[in-house]
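Visitor: the following comprises the amino acid sequence and a computationally predicted model.
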Amino acid sequence: MESIAASAALSVGGAVTGRPAGRTHAFVQWDVFTSEKLKGNPLAVFTDARGLADAEMAAIARETNLSETTFIFPRDSATERERGVLVRIFTPREELPFAGHPTLGTAMALRASRLPDAAEIALELKIGKIPVVFHKESDGRVFGEMRQKDAEFGESHTRDAVAPLVGLKVDDIASDVPIQAVSTGSFFVILPLKSLAAIRSLRMNYAGISEYLARTGRRNFYCVTRETEDPKARLHARLVFNGGEDPATGSAAGCAAAWMVKNGVARSDEQVLIEQGAEVRRQGRIFVRAIRQGQDVVNVRVGGHAAEVIRGEYSL
């Protein structure tokens, strides 16, 4: 593949100029789980990826160097109504079957560009069809909410085993709720801590975590505490990984929603706020809810706002 060059202009200010020769692919960049630009979790969305090979999409995702980049493959309207808009999600390292903020951000981008009055847009991802519903709030902001897969609860972990992996004392970990693996599309281990001081003192042993979680096929801890900065929030969260930190993790937030309802931290179908990203100065606000049916947790919904910040083209 030829070298990749991107020319971009702020959406509030300009048009793309100096367009290079060759194949070009338009993209937009959105900040997701925030209504304030330059906060939340950034996402690059390629609005028409037809003609891009897998290796090219992987290379572009490395070039954007965002946590995820999505690629839309437009199809005829009848197919999109039946199956959803075909979207593929890439990190700089791999393709993902599902991720939360790319799902919401891509649906927001589609609504803004193609379907401005849509009440619902469904995406066809590797894990299947994911619907995103929209409503306009009294202040004019658009709120989107995705429905994730019904919750699957996995193994629980002991405080003694986990504490040294995250550089904390055993007493820093809450004892009244479980450390448990949960999936609503992707598995995360929900790790409840007692305080903001504890969650801000994390010292992750990445090699140890990788070895420990590999035994059960899990990838990372989603660390949460019921002590929050915003009194309206139910949880303060962090997702720290080798090489960085995620400002707002929609897939993990869905798992946390199911975990909260299962363990009485939130009521069935109660919408609550998860705050995330303060430690990297990209505050995200994720609104979640889920329904408990006996021992099951279903109808897991994750929502929020998003703001467009960049438009441009890649030339290949």
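Guide: Perfect, thanks for sending it.
Visitor: for this structure, just list every one of the helices.
Guide: 54-64, 77-83, 100-113, 159-162, 196-199, 206-214, 250-262 (DSSP state H).
Visitor: using PDB, write down the CA coordinates of the last one.
Guide: Yep, that's helix 250-262 we're talking about. Output of helix 250-262 as PDB, limited to C-alpha atoms (Å, rounded to 0.1, in the frame of the first residue of the first chain):
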ATOM      1  CA  GLY A 250     -19.200   1.700  26.300                       C
ATOM      2  CA  SER A 251     -18.800  -2.100  26.100                       C
ATOM      3  CA  ALA A 252     -17.400  -2.300  29.700                       C
ATOM      4  CA  ALA A 253     -20.100   0.100  30.900                       C
ATOM      5  CA  GLY A 254     -22.800  -2.300  29.700                       C
ATOM      6  CA  CYS A 255     -21.100  -5.000  31.700                       C
ATOM      7  CA  ALA A 256     -21.100  -2.700  34.700                       C
ATOM      8  CA  ALA A 257     -24.800  -2.000  34.200                       C
ATOM      9  CA  ALA A 258     -25.600  -5.700  34.400                       C
ATOM     10  CA  TRP A 259     -23.300  -6.100  37.400                       C
ATOM     11  CA  MET A 260     -24.900  -3.200  39.200                       C
ATOM     12  CA  VAL A 261     -28.500  -4.600  38.700                       C
ATOM     13  CA  LYS A 262     -27.400  -8.100  39.600                       C
END
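Visitor: what helices or strands is it leaning on?
Guide: Counting contacts by 3 or more Cβ pairs under 8 Å, 6 or more residues apart in numbering; DSSP states H and E, helix 250-262 is packed against helix 100-113, strand 179-183, strand 187-193, strand 221-225, strand 233-241, strand 272-276, strand 284-293, strand 296-304. Heads up, the C-betas are built off the backbone N, CA and C, glycines and all.
Visitor: roughly how far out does it sit from the chain middle?
Guide: On the basis of Cα atoms, centre = their mean, to the nearest Å, helix 250-262 sits 12 Å off its chain's mean C-alpha point.
Visitor: buried residues of that helix, list them for me.
Guide: Residues of helix 250-262 classed as buried: 250-262 (neighbour count, 16 or more other Cβ atoms under 10 Å).
Visitor: could you do the longest one as well?
Guide: Using 16+ other Cβ under 10 Å as the burial criterion, the residues of helix 100-113 that qualify are 100-111.
Visitor: again, but for the fifth one
Guide: Of the residues in helix 196-199, 196, 198-199 count as buried by neighbour count, 16+ other Cβ under 10 Å.
Visitor: run through who's touching that helix.
Guide: Applying Cβ atoms under 8 Å, 6 or more residues apart in numbering, the external contacts of helix 196-199 come out as 168, 172-173, 193, 223-225, 227-229, 236, 238.
Visitor: 6 Å - rerun?
Guide: In this structure, residues lying in contact with helix 196-199 by Cβ atoms under 6 Å, 6 or more residues apart in numbering are 168, 172, 193, 223, 225, 227, 238.
Visitor: the third one now?
Guide: With contacts defined as Cβ under 6 Å, 6+ apart, helix 100-113 is touched by 28, 30, 32, 41, 43, 45, 68, 70, 87, 89, 118, 121, 130, 132, 144, 146, 248, 250-251, 302, 306.
Visitor: buried among those? Need that as a selection in PyMOL.
Guide: Selecting only the buried entries of the contacts of helix 100-113 in PyMOL, with 16+ other Cβ under 10 Å as the criterion:
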select buried, resi 28+30+32+41+43+45+68+70+87+89+121+130+132+144+146+248+250+251+302+306
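Visitor: hang on, the earlier thing: A55: which of the contacts of helix 196-199 is nearest?
Guide: R238 (33.3 Å; Cβ to Cβ).
Visitor: tell me the contacts of that closest one?
Guide: Per Cβ under 6 Å, 6+ apart, neighbours of R238: 199, 223.
Visitor: report how many residues lie close to the nearest residue to V166 once chain neighbours are set aside.
Guide: Once flanking residues are discounted, V166 sits nearest to L202: 5.4 Å by Cβ to Cβ, 6 or more residues apart in numbering. Using other Cβ atoms under 10 Å, L202 has 18 neighbouring residues.
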